[in-house]
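>>> take this sequence and fold it.
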Amino acid sequence: DALEEADELRFRKAITRIIESFGSRVVKKVVGRMYGSSWFVTRNMVTILGEIGGNDSIDALGNMVAHNEIRVRKETVKSLSKCGGRESAICLIEKFDNADKDLQRLIIFSLGIMDEAVAFPILLKIVQKKSFFRTEPEFRKEAIHAIGKLQIKTGISALEEILTSNNIFNKEREDIRMASAQSLAYFTDERSIHA
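Okay, the predicted model is just below:
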């Protein structure tokens with residue numbers, strides 16, 4: 001109620017921090033207040049769940065990825081990445097295809113910082129997307145960087161292919177090739193060094 005009535009951002013932040021300090025004991029109450037509140041209260045509840053973490057938070061946050069307010073959706077993705085773990089990564093992967101472009105970019109970035117191997121197949125799919133209308137370059141760069149952070153050896157082939165592409169019909173953009181080189185540097189084996 002205080003969040004709903006607070007006019008100043010600093011008061012809302014203070015209230016949010018106090019609620020967070022109660023930890024997992026308040027998850028059910030926070031989840032109950034996410035629905036039917038103004039968008040900024042919902043966003044604050046989402047932030048609180050991200051700070052608290054845990055499986056109960058992940059389940060509730062999964063429903064908020066489709067909220068009608070973009071600021072709530074973005075905060076939800078950030079909160080899921082803060083929760084971390086395999087379940088959060090799976091939730092983000094499941095929401096990826098139905099998300100708008102801005103949210104997809106944030107999901108890709110979040111999967112990269114979460115360091116969960118379960119994200120590798122979708123990241124590889126984005127990196128290898130080959131068509132006349134390629135995936136947006138920024139998406140591909142985020143996915144390329146995420147593959148480097150994951151350091152899954154099977155990603156080296158895809159990164160090497162991008163880096164060494166020089167076929168006139170299939171040549172990669174210079175910034176994409178540079179991103180690939182940067183990601184290869186995360187790997188410590190001879191193949192990545194050679195590439």
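>>> in the protein, which spans are helices?
Secondary structure of the chain (DSSP state H): helices at 2-5, 9-21, 27-34, 39-52, 55-64, 70-83, 85-96, 101-114, 120-128, 137-150, 155-163, 174-184, 190-194.
>>> got these as CSV, with mean pLDDT columns?
Converted to CSV, the helices of the chain look like this (pLDDT from 0 to 100):
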stretch, mean pLDDT
helix 2-5, 84
helix 9-21, 91
helix 27-34, 91
helix 39-52, 93
helix 55-64, 89
helix 70-83, 95
helix 85-96, 94
helix 101-114, 90
helix 120-128, 90
helix 137-150, 88
helix 155-163, 90
helix 174-184, 91
helix 190-194, 87
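>>> make a markdown table out of the ones you listed and add mean neighbour count.
Every residue, glycine included, has its C-beta placed from N, CA and C. Output for these, formatted as a markdown table (neighbours: other C-beta atoms under 10 Å):
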| stretch | mean neighbour count |
| --- | --- |
| helix 2-5 | 14 |
| helix 9-21 | 14 |
| helix 27-34 | 17 |
| helix 39-52 | 23 |
| helix 55-64 | 19 |
| helix 70-83 | 22 |
| helix 85-96 | 19 |
| helix 101-114 | 20 |
| helix 120-128 | 19 |
| helix 137-150 | 22 |
| helix 155-163 | 19 |
| helix 174-184 | 18 |
| helix 190-194 | 12 |
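>>> now do the contacts for Ile162.
Counting by C-beta atoms under 8 Å, 6 or more residues apart in numbering, Ile162 touches Val127, Ile144, Glu172, Ile176, Arg177, Ser180.
>>> now it: how far from Glu51?
37 Å (C-beta to C-beta, to the nearest Å).
>>> burial count for the closest residue to Arg12 other than its chain neighbours?
Nearest non-adjacent residue to Arg12, counting by C-beta to C-beta, 6 or more residues apart in numbering: Ala6, 4.8 Å away. Residues lying near Ala6 (other C-beta atoms under 10 Å) number 18.
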